[in-house]
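S.K.: Just a sequence and a predicted model for now, questions to come.
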2 protein chains.
Amino acid sequence: MQSEPDILSAKFAALADPTRRAILARLSQGEASVNELAEPFDMSLPAVSKHLKVLEKAGLISRGREAQWRPARLEPMALKGVADWLEHYRRYWDQSFDRLEAYLRNVQQGKDDGSRN
Amino acid sequence: MQSEPDILSAKFAALADPTRRAILARLSQGEASVNELAEPFDMSLPAVSKHLKVLEKAGLISRGREAQWRPARLEPMALKGVADWLEHYRRYWDQSFDRLEAYLRNVQQGKDDGSRN
DNA sequence: GCGTTATTTAACTGTTCGGTTATGCAGTCG
DNA sequence: CGACTGCATAACCGAACAGTTAAATAACGC
């Protein structure tokens, strides 16, 4: 049932909410029930439940079942998918870093041409 | 002008659209005008203009001004911000990272047990 | 079965999003 | 100047989003 089109968009969208990122941070320290997850937030339980559903549809978490609890746990490989997308761009910011480094070297030598900022 | 609250959310939200990711991919090969960027898409120009504004507000691109063109260029350090957030979770998916970490700990203690790899 | 706890679903609401068309505006060219 | 190019803004629209309260479901403990 994960024939979702454009799962990457779903992941990014899920991560675009601070509440959901906080939930992931909490889950990185272990499973938690909905009530536990909701506790830090000034928000109704159904709202948290909805956030969990978004995270689950994005594959970022999965849910278990223990008696009347439905613990959520992190599904880290989903985050790897995001990281893999980003990796393609790493060379661009590393390269910028290199240029900045070169610029700073020049400044230090009193060779700043003033062309930047 | 980047006093935006929750810039990370803005970045994730900007990345959550396949059109915008395609624009970034295009820009990774160099600056481009709005018309050039819009060309591959079955979409009006104002729509693309809006996407660019979203990307710009997220800091992912910046705009120049050359005569009547407003070329967009990639702002890669913004992506680094996203990568840094993700990095915190790397250990959860990357087994070899754990091994590396353990290895480095051991090296630092001069206690390398040679078990890497 | 009954009450309690944990969670989801339903229905509703205001806001944001992604697109449209129409219009405006800046800069270039003749 | 006036026409044309490149792009942005305005106004609008339907769909999706993030929240609410109220009701339903599920599993437990008596």
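M.R.: Alright, I've got the coordinates. Numbering: from 1, shown residues only, chains lettered A, B, ... in the order given.
S.K.: all contacts plus neighbour counts: C-alpha atoms, from now on.
M.R.: Fine.
S.K.: Could you check the pLDDT of the spatially most central residue of chain A?
M.R.: Central residue of chain A (Cα atoms, centre = their mean): A:Leu15, 4.8 Å from the mean position. A:Leu15 carries a pLDDT score of 98 in this model.
S.K.: can you check A:Asp113 too?
M.R.: Predicted confidence (pLDDT) for A:Asp113: 42.
S.K.: same check, this time on the one 4 residues further on
M.R.: What the model reports as pLDDT for A:Asn117 is 35.
S.K.: Is any residue of stretch A:20-38 near DNA strand C?
M.R.: Yes: Stretch A:20-38 is in contact with DNA strand C by Cα under 7 Å from any atom of the strand, via A:33-36.
S.K.: Just the ones of those residues in helices?
M.R.: Among the residues of stretch A:20-38 next to DNA strand C, DSSP state H puts A:34-36 in helices.
S.K.: Restricted to buried residues, select those residues in PyMOL.
M.R.: Remark: buried members of those, expressed as a PyMOL selection using 16 or more other Cα atoms under 10 Å in any protein chain shown:
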select buried, chain A and resi 34
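S.K.: Present the ones in helices among the residues of stretch A:20-38 next to DNA strand C as TSV; the columns should include distance to A:Ala47.
M.R.: Listed next are those as TSV, based on distance: Cα to Cα, whole Å:
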residue	distance to A:Ala47
A:Val34	10
A:Asn35	11
A:Glu36	14
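S.K.: By mean pLDDT, flag the weakest helix or strand of chain A.
M.R.: helix A:76-108 (a mean of 79; mean pLDDT, DSSP states H and E).
S.K.: how about the residues of chain A near DNA strand D?
M.R.: With Cα under 7 Å from any atom of the strand as the criterion, chain A meets DNA strand D at residues A:14, A:16-17, A:19, A:42-48, A:51, A:66-68.
S.K.: buried subset of those residues?
M.R.: The neighbour count (16+ other Cα under 10 Å) marks A:14, A:16-17, A:19, A:48, A:51 as buried among these.
S.K.: Now, these that are in helices?
M.R.: Among those, the members found in helices (DSSP H) are A:14, A:19, A:48, A:51.
S.K.: Which residues are in contact with the first one?
M.R.: With contacts defined as Cα atoms under 8 Å, 6 or more residues apart in numbering or on different chains, the neighbours of A:Ala14 are A:20, A:54-55, A:58.
S.K.: need the residues you listed in a markdown table with secondary structure and pLDDT, can you?
M.R.: Output for the contacts of A:Ala14, formatted as a markdown table (DSSP: H, G, I helix; E, B strand; the rest coil; pLDDT from 0 to 100):
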| residue | secondary structure | pLDDT |
| --- | --- | --- |
| A:Arg20 | helix | 98 |
| A:Val54 | helix | 98 |
| A:Leu55 | helix | 98 |
| A:Ala58 | coil | 97 |
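S.K.: Out of those residues, which comes closest to B:Met77?
M.R.: Of all these, B:Met77 sits closest to A:Arg20, with 23.7 Å by Cα to Cα.
S.K.: Just give the nearest non-adjacent residue to the closest one, would you?
M.R.: A:His51 (6.3 Å; Cα to Cα, 6 or more residues apart in numbering or on different chains).
S.K.: And for A:Leu74?
M.R.: Sequence neighbours aside, A:Ile61 is the residue nearest to A:Leu74 in space, at 4.6 Å (criterion: Cα to Cα, 6+ apart).
S.K.: Does that neighbour touch A:Ala72 like I think?
M.R.: Yes: with contacts counted by Cα atoms under 8 Å, A:Ile61 reaches A:Ala72, the gap being 6.5 Å.
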